[in-house]
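Undergrad: turn this into a model:
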Amino acid sequence: MIVLDTNAVVYWTLDPHRLTPAAASALDDEDRRLVSSISIWEIGLKAKRGFLKLPLPIEEFVIRLKRVRGVEIMAVDDTTWLRNLDLDWSHRDPADRTIVATADLLGCPLVTSDETIRSFYRNSIW
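TA: Predicted coordinates for the structure are as follows:
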């Protein structure tokens, strides 16, 4: 099982050549790929604000993502929010904190290109 940061979801689905060989291999090797629902929110906001060009509406993107074998979109529950609050990390981005909390609670590696996340969450792959 592996957790994908928002950037990893975007790269893996829309621009796979941007993944490093280590990230691509980790994603290929896992049967379960977990995407926090906060990543859907983050992708939708970036598309709406013009920072990310999606080739299809966000609703269709999510439908297709859910059809990919081994992909699970996880809702953010109270346990994850509490872990988010408990992280000893000064980083303020709620999406990053929630994704790290998800990976930490599950004891999973996290695929991310984000250096700030990688410097905090040691079980990161890029």
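Undergrad: switch to C-alpha atoms for all contacts and neighbour counts from now on
TA: Fine.
Undergrad: all strands of this protein, in order?
TA: 2-4, 33-36, 71-74, 110-111, 124-125 (DSSP state E).
Undergrad: hey, which of those strands is tucked in deepest?
TA: Comparing the strands of the chain by mean neighbour count (mean count of other Cα atoms under 10 Å), strand 110-111 ranks first with a mean of 28.
Undergrad: re earlier: so which of the strands of the chain is nearest N84?
TA: Between N84 and those, the shortest gap by Cα to Cα is with strand 33-36, which sits at 12.8 Å.
Undergrad: and the closest residue to R97 other than its chain neighbours, how far from M1?
TA: Among residues not flanking R97 along the chain, N84 sits closest, at 5.6 Å (Cα to Cα, 6 or more residues apart in numbering). Per Cα to Cα, to the nearest Å, N84 is found 20 Å from M1.
Undergrad: tell me which of these two has more neighbours.
TA: Ranked by neighbour count (other Cα atoms under 10 Å), N84 and M1 place N84 first, with 22 against 18.
Undergrad: so what's the more buried one up against?
TA: N84 makes contacts with R97, T98, V100, A101, as judged by Cα atoms under 8 Å, 6 or more residues apart in numbering.
Undergrad: redo that, cut-off 6 Å
TA: Counting by Cα atoms under 6 Å, 6 or more residues apart in numbering, N84 touches R97, T98, A101.
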